[in-house]
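>>> what's the 3D shape of this:
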Amino acid sequence: MTEPAPAGRGLLRPALMAVIAVALVLLGGGLAVALGVGRTPEPSADSVDAGFSRDMSRHHLQGVEMANLAPDRSRDPEVRQLAFDISATQTNQVGRMEGWLSLWGLPPSGGQTMAWMGGMAGSHSGHSMDMGQSDLMPGMATQGELAALRNLTGTDFDVEFLRLMIRHHQGGKEMAVYAAAHADVPAVRRLAGTIADTQTAEVTTMARMLAARGGTPLPAP
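Here you go, the predicted structure:
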């Protein structure tokens, strides 16, 4: 007479098979990575992914610079909160973009500004050229504008800060929209789309705030 299997033995085999299956999947995945199977090539220096990460990082850093002036110069809680949100968000995004460039083995700067956008690169360069600073990307403030902003306080600061930041957001949006549509790396496309959506919403908010404080917007870049 055959003795019944010890209790639990019937459950052991499926569990063991599951562990083996997971191990095989992990082993196969490791081999695929090692062999380059299914791996997306790292972006080149002149790719949309790299160009966007470089240029938007630089564009963002000026936005952070302007936002960081608010705590010492504005007495308006709404303006101070907006500036804090912009500084925190864009600092985080710069960290992500510079992190990607490091992972791809690419420098955080260099290359012709916005060349990765092809024929669209020079379509909105009038602000930079008119101010005699052709290295500025659309929407960016000149050194003279930044110096003037640093000398303002109170409502005068609030109005000029909103004027410059609205134009800054408008100038950066085109890069974000282009990268969201043309970048190869999914994470880059997602971030670019987030930037475009966020800055569109913030421009609407800032336009309302500017009007409430008696200001008028600068010409769009």
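>>> going forward, measure contacts between C-alpha atoms and count neighbours the same way
OK.
>>> could you chop the chain up by domain?
8-39, 48-212 (automatic domain parsing).
>>> tell me the spacing between Pro221 and Pro43.
29 Å (CA to CA, to the nearest Å).
>>> repeat that for Arg163.
36 Å.
>>> and Gln199, by the same measure?
26 Å.
>>> just name the most buried of the domains of the chain.
Among those, domain 48-212 has the highest mean neighbour count (mean count of other CA atoms under 10 Å), at a mean of 18.
>>> can you get me the start-to-end distance on that one?
Taking CA to CA as the criterion, the two ends of domain 48-212 lie 39 Å apart.
>>> now that domain, how far from the centre of its chain.
In terms of CA atoms, centre = their mean, to the nearest Å, the centre of domain 48-212 is set 9 Å apart from its chain centre.
>>> could we number from 355 for the rest of this?
From this message on, residue numbering opens at 355, which makes the last subject domain 402-566.
>>> tell me the mean pLDDT over that domain?
Taken as a whole, domain 402-566 has an average pLDDT of 92.
>>> contacts for the helix or strand harbouring Ser407, please.
In the assignment (DSSP states H and E), Ser407 maps to helix 402-421. The contact list for helix 402-421 (CA atoms under 8 Å, 6 or more residues apart in numbering) reads 397-399, 437-438, 440-441, 444-445, 447-448, 451-452, 454-455, 460, 462-464, 467-471, 491, 494-495, 500, 515, 519, 522, 526, 529-530, 533, 536-539, 542.
>>> please apply the same query to stretch 512-528.
So stretch 512-528 is in contact with 410, 413, 417, 420, 428, 430, 433, 491-495, 503, 549-550, 553-554, 557, 560-561, 563-564, 567-575, going by CA under 8 Å, 6+ apart.
>>> now, those residues that are in helices?
410, 413, 417, 420, 433, 503, 549-550, 553-554, 557, 560-561, 563-564 (DSSP state H).
>>> just the terminal-to-terminal distance for stretch 566-575.
OK, stretch 566-575 end separation, CA to CA: 23 Å.
>>> send the alpha carbons of stretch 409-416 over as CSV?
The C-alpha coordinates for stretch 409-416 follow below in CSV (Å, rounded to 0.1, in the frame of the first residue of the first chain):
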residue,chain,number,x,y,z
ASP,A,409,19.0,73.7,-23.3
MET,A,410,16.0,73.3,-21.1
SER,A,411,18.3,72.9,-18.1
ARG,A,412,19.9,76.2,-18.9
HIS,A,413,16.6,77.9,-19.6
HIS,A,414,15.2,76.5,-16.3
LEU,A,415,18.2,77.7,-14.3
GLN,A,416,17.5,81.3,-15.2
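>>> for the residue nearest to the spatial centre of the chain, what are its contacts?
By CA atoms, centre = their mean, the chain has its centre lying nearest to Gln447, at 4.4 Å. By CA under 8 Å, 6+ apart, Gln447 lies in contact with Ser411.
>>> try Arg429
Gly508, Thr509.
>>> on that earlier part again, ok, the residue nearest to the centre of the chain to Gln524 distance?
Taking CA to CA, one finds Gln447 at 17 Å from Gln524.
>>> also Ala530?
For Ala530, the distance to Gln524 - CA to CA - is 10 Å.
>>> please apply the same query to Asp489.
Applying CA to CA to Asp489 and Gln524 gives a distance of 17 Å.
>>> distance of Leu436 from Gly417?
12 Å.
>>> noted, bye for now.
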